[in-house]
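>>> Got a sequence here, can you build the structure:
(2 chains)
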Amino acid sequence: DAGITQSPRHKVTETGTPVTLRCHQTENHRYMYWYRQDPGHGLRLIHYSYGVKDTDKGEVSDGYSVSRSKTEDFLLTLESATSSQTSVYFCAIRTRDNEQFFGPGTRLTVL
Amino acid sequence: GQNIDQPTEMTATEGAIVQINCTYQTSGFNGLFWYQQHAGEAPTFLSYNVLDGLEEKGRFSSFLSRSKGYSYLLLKELQMKDSASYLCAVRPRLRDSQNFVFGPGTRLSVLP
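Next up is the predicted model:
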C-alpha cells in the first residue's frame, strides 16, 4: 500500500465550513497528488506537490488549497465547503519507477 | 486538450478472456497506466506501458500502440474477483509532466 494513510476516512459537514483532509506517507516520496472521484467524471486532479512547499494546480483546483510543510504530509483544504465538493478524495504518491499508488480515500459529504 | 475514452461497461463469463480498450488524445505522451478499482476501494496499479508492444504480468497483459493512440488490457481466465472498474491513465509530456490524466473507467462484471 506504499504506506499512505488518509484522515479522516469519512466526514459530513455543512456548507460554508472549512474542511482539511490529511494525507500521510511513510516512504519519503517526492511527488504527492490529490484527486477527487465522482460518478461520470472519473479521477480528476485537484493539486499536486513535487516537494516541500512546492505545489501546483491540477484540472479542478478552484475552491481548494494545499500545503506541504513536510515531505510526509500533504494537506487539502476546502476554505468554505460547497455541496459540489461532495466527493471521494484520494491522495496518491508517485514512485521513482513512475508507478502511482493511492491512499484509501476520504468520503466527504457537504450538506 | 486531453481526452481518454473507454467503454463504460462490459460483461464477461468466468474463465473467459476479455479485452478492455482505451483510446487517448493528449498533447503529449509519457506513459500509459492501467488501474483496477473495486467498488468502495482505492485504485490499485496494474501495468505501465511507455513503448509499443505487449507487457504481460500473470493473467493480465497490456498493449500499447503510440501511433494509434490505443491501448488495451487483456484479462485471461477471468475470476469473479476480477469484477471491478478498470481505469486507463496517460501521463502527457507537458511542462508539468508529472500530471496523470484518467479515463472514465470501464466497469467489468464477471458472471458465473
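>>> Relative to the helix or strand of chain B with the lowest mean pLDDT, what are the paired strands and their orientations?
Every helix and strand of chain B was ranked by mean pLDDT, DSSP states H and E. The lowest is strand B:101-102, at a mean of 89. The sheet places strand B:101-102 alongside strand B:84-90 (antiparallel), with pairing taken from DSSP bridges.
>>> Might you calculate how far the partner strand sits from the centre of the chain?
4 Å (C-alpha atoms, centre = their mean, to the nearest Å).
>>> swap in stretch A:32-50?
With C-alpha atoms, centre = their mean as the basis, stretch A:32-50 stands 7 Å off its chain's centre.
>>> what do you get for stretch B:8-18?
For stretch B:8-18 - counting by C-alpha atoms, centre = their mean - the centre lies 14 Å from the chain centre.
>>> Show me the contact partners of whichever helix or strand comes after the least confident helix or strand of chain B.
Next helix or strand after strand B:101-102 toward the C-terminus (DSSP states H and E): strand B:106-111. Residues outside strand B:106-111 that contact it (C-beta atoms under 8 Å, 6 or more residues apart in numbering or on different chains): B:6-14, B:18, B:20, B:75, B:78-80, B:82-88. Heads up, the C-betas are built off the backbone N, CA and C, glycines and all.
>>> Would you show me how to pick out the buried ones of those residues in ChimeraX?
The following ChimeraX line selects those of these that are buried, judged by 16 or more other C-beta atoms under 10 Å in any protein chain shown:
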select /B:6,10,12,18,20,75,78,82,83,84,85,86,87,88
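>>> Mind checking which of the contacts of strand B:106-111 are in strands?
Residues of these located in strands (DSSP state E): B:9-13, B:18, B:20, B:75, B:84-88.
>>> quick one: low-confidence ranges for chain A?
Low-confidence segments of chain A (pLDDT under 70): A:1-2.
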